[in-house]
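> Give me coordinates for this.
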Amino acid sequence: MELYVFNSSRQLAGIVESFEYLRWTRRYSQCGSFELKAIATPENTALLKAGNILWKSDDEEAGIIEHLELSQTDSEIITATGRFATSFLARRIIWETESLTGDLSSCVEQLLNKNLINPSDPARQITGISFLSPFLDVPINTQISYRNLMEAVTELCDASGIGIKTVFTPAQGTFTVTLYKGTASQAVFSKEYENLTEQTYTESAADYANTALVGGEGEGSERTFVAITGGSGEDRREIFVDAKDLRKDDFGTDYAEALTFRGQSRLSELAIRYSFDVSVNPHGNLVYKTDFDLGQTVKVISKPWGVSMSTRIMEIEETYDATGLSIGVTFGKSVLSIAQKLNSDMSQVKTALQAPSGISEVVEVLGDLEDVNPKIQGDTVTDTINNLFGKLPALEVNVGEGTISIGQYAMHHMVPGDTIYFTSWSGNKFSDQPSDDGHIFLVKHNGDNTGNGYQRAMGFFISRNTMTFYVISVFLYNNPSGQANWLSFPLGNLTDIAAAVRGSTFASSINNVYNAPVSGARIANGAVTTEKVAQEADTSLTYSLGSGVTMGYNMSFVNKGVISIGMQINVGASGVPSGGTLLTITNPNFYPYSTVRSVAITVGGSGTSMPITINANGVVANAAASTLPTGFYIISCSYARA
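Residues are numbered from 1 along each chain as shown. Predicted coordinates for the structure are as follows:
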């Protein structure tokens with residue numbers, strides 16, 4: 001057996017010369033999978049890439065590498081895992097509603113042609129894939145919308161007892177999705193015949209149902225129902241199948257048949273599960289792919305357990321390791337995995353939501369919203385959600401220019417016109433407005449004001465002039481119509497709203513909170529854009545030299561949001577007069593800091609260090625009162641984002 005690797009263009013890339021372990025799992029009605037472990041040699045690492053194709057020379061199917069892992073114990077191991085090429089179907093959904101009527105083969109062909117092989121949108125096509133299937137004599141009458149293509153196709157195959165495989169043709173680099181029905185085999189498996197080494201028998205009725213009430217379109221007494229019955233008494237197990245997505249207009253007189261097919265498909269999923277998991281004796285009397293193969297019906301006997309069953313081979317796991325090849329076989333349908341159960345149950349939810357009245361039924365569950373807290377209860381679900389959103393906690397609310405309010409506290413930068421009467425300045429009383437400006441951090445006295453537009457508050461004052469810190473008690477007045485407007489928290493009588501966001505009206509309270517949460521605009525402002533990336537990664541700085549100035553031997557700049565530029569210039573014999581241009585630096589994404597302190601530093605003892613300036617247009621000029629004399633100078637400038 002040779003293990004070939006093809007690249008994503010389906011061209012031969014090489015052969016895996018050696019590997020530690022290969023698990024190759026073939027499945028009848030589902031997509032197969034594989035796992036390969038190999039020494040991480042340069043050759044193997046180069047071959048085993050995500051998207052590459054793995055093909056065994058003795059097999060029809062190929063695997064697509066989807067996951068890679070490198071690990072090290074005694075040696076470095078590369079592990080490649082993935083699924084067979086049928087997984088190409090998993091890359092597409094059923095884009096529209098498809099009504100399927102006829103043989104299973106034509107229905108699957110319809111799904112593949114419209115969504116993968118020849119879709120109306122060329123961007124959805126995967127080239128080099130075709131479909132081939134004989135007439136299977138399996139009638140289908142159903143409708144499918146927006147499902148994952150592979151899930152929908154494999155469910156149809158599984159419910160109908162039909163196999164699916166995707167055959168790889170290496171010479172052409174093409175894939176053919178094929179449906180087939182496994183044949184009957186004369187093989188008999190039994191430990192008594194010494195062709196089995198291990199065996200596990202499972203019989204499960206945990207999810208079993210034999211009676212289905214299928215509900216079609218309509219509401220209440222107008223709804224269409226079909227019943228599929230089986231068993232009575234305690235042997236009868238009932239389920240409800242929601243098929244509201246199936247419309248009478250799409251099926252006409254065949255509507256009842258379509259509902260019946262939906263119910264039968266669901267009952268097939270929930271049939272009693274009988275399975276035999278065995279390890280086949282490679283030295284026994286049965287030869288793999290000669291006496292038995294995937295999809296074939298064989299007989300399995302265990303005399304001690306009293307089990308004798310004719311069943312289909314649903315899965316074959318080939319394992320290659322240092323001991324050689326071992327074969328694991330699963331006869332019959334195994335117990336549903338948790339993932340399969342969830343997928344099956346969720347399909348019922350999807351059906352309800354896809355139905356024309358599905359959303360209305362979801363809303364009906366909310367009733368008149370009486371179970372919602374009255375403080376956020378609205379006339380509609382939308383109103384209630386908006387009310388709830390409006391009550392999300394705010395961290396910070398801007399309540400006035402130069403002022404930030406956090407809860408019941410305000411931090412304010414004093415500006416002309418703020419009339420503040422300090423009743424206590426670190427314990428020393430005085431009665432006049434302080435002469436220097438500064439920042440005050442205050443909490444107002446709740447409900448305490450003079451009635452004449454003054455508001456009492458207490459907090460801290462930091463002088464900007466003397467950089468001193470004071471504890472203060474104050475009366476404030478800066479609004480002819482009332483108390484200090486920047487300390488006037490919008491309190492009202494809506495006592496059911498948190499005090500920190502309470503407004504004079506319900507709307508103003510909500511707006512106080514709404515201003516703070518993350519919004520779409522704020523997310524957009526912070527989003528990475530091409531322009532912002534260009535600003536961060538811009539290296540397209542250009543410069544032009546002033547009269548009599550030439551570039552020296554060195555120039556360097558670093559751009560990380562703030563650009564630091566260092567360069568050596570040579571001032572000619574005439575020098576550069578006061579205010580004269582040394583050079584101009586140009587970059588549309590950046591402008592210089594207005595407070596940059598730059599200097600032309602003499603190099604090698606010639607010339608004199610002189611101050612320079614850099615303006616908003618990037619002009620670097622001599623800032624000294626005298627002429628910058630001849631000599632070499634190092635110039636340093638800093639730029640920030642515009």
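> how's this protein carved up into domains?
For the chain, the structural domains run 3-85, 87-180, 184-205+272-338, 211-269, 537-641, going by automatic domain parsing.
> can you tell me which of those the model trusts least?
When those are ranked by mean pLDDT, domain 537-641 comes last with a mean of 69.
> export the domains of the chain to JSON lines and tack on distance to residue 440 and mean neighbour count?
Using the backbone N, CA and C atoms, a C-beta is placed for each residue, glycine as well. Converted to JSON lines, the domains of the chain look like this (distance: least, Cβ to Cβ, whole Å; neighbours: other Cβ atoms under 10 Å):
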{"stretch": "domain 3-85", "distance to residue 440": "60", "mean neighbour count": "17"}
{"stretch": "domain 87-180", "distance to residue 440": "61", "mean neighbour count": "17"}
{"stretch": "domain 184-205+272-338", "distance to residue 440": "62", "mean neighbour count": "16"}
{"stretch": "domain 211-269", "distance to residue 440": "65", "mean neighbour count": "16"}
{"stretch": "domain 537-641", "distance to residue 440": "26", "mean neighbour count": "16"}
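> which stretch among those comes nearest residue 442?
Within the domains of the chain, the stretch nearest residue 442 is domain 537-641; the backing value is 31.0 Å (Cβ to Cβ).
> returning to that earlier point: quick one, which of the domains of the chain gets closest to residue 472.
Taking those one by one with Cβ to Cβ, domain 537-641 is closest: 31.7 Å.
> coming back round to it: any chance of CSV for the domains of the chain, columns distance to residue 472?
What follows is these, written out as CSV (distance: least, Cβ to Cβ, whole Å):
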stretch, distance to residue 472
domain 3-85, 65
domain 87-180, 66
domain 184-205+272-338, 66
domain 211-269, 70
domain 537-641, 32
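> I'd like to know which of the ones you listed lies nearest to residue 457.
Judged by Cβ to Cβ, the one of the domains of the chain that comes nearest to residue 457 is domain 537-641, at 34.7 Å.
> Can you tell me how far residue 82 is from residue 134?
Using Cβ to Cβ, to the nearest Å, one obtains 29 Å as the distance from residue 82 to residue 134.
> swap that for residue 60, sorry
For residue 60 relative to residue 134 (Cβ to Cβ), the value is 16 Å.
> Residue 125 against residue 116, yeah?
Yes. Between residue 125 and residue 116 there is a contact at 7.1 Å, judged by Cβ atoms under 8 Å.
> Need the mean per-residue confidence for stretch 459-476.
For stretch 459-476, the per-residue pLDDT averages 66.
> What distance do you get for residue 166 to residue 272?
For residue 166, the distance to residue 272 - Cβ to Cβ - is 30 Å.
> other SSEs contacting the top strand by length along the chain?
Of all the segments assigned as strand in the chain under DSSP state E, the longest by residue count is strand 307-321. Packed against strand 307-321 by the contact rule (3 or more Cβ pairs under 8 Å, 6 or more residues apart in numbering; DSSP states H and E) you find strand 21-27, strand 273-280, strand 297-302, strand 324-331.
> Tell me which strands the next helix or strand after the first one pairs with, and in which orientation.
Later in the chain than strand 21-27, the nearest helix or strand by DSSP states H and E is strand 33-39. Each strand pairing with strand 33-39, determined using DSSP bridges, is listed with its direction: strand 21-27 (antiparallel), strand 76-84 (antiparallel).
> contact partners of the longest one?
With contact meaning Cβ atoms under 8 Å, 6 or more residues apart in numbering, strand 76-84 is reached by 20, 26, 31-40, 44-45, 48, 54, 61-71, 90, 165-166.
> Would you mind writing the CA trace of that strand as CSV?
In CSV, the C-alpha atoms belonging to strand 76-84 read as follows (Å, rounded to 0.1, in the frame of the first residue of the first chain):
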residue,chain,number,x,y,z
GLU,A,76,9.0,15.0,16.6
ILE,A,77,5.7,13.7,15.3
ILE,A,78,3.3,15.3,12.8
THR,A,79,-0.3,14.3,13.0
ALA,A,80,-2.6,14.9,10.1
THR,A,81,-6.4,14.3,10.4
GLY,A,82,-9.3,15.0,8.2
ARG,A,83,-12.3,13.6,6.4
PHE,A,84,-12.8,11.9,3.1
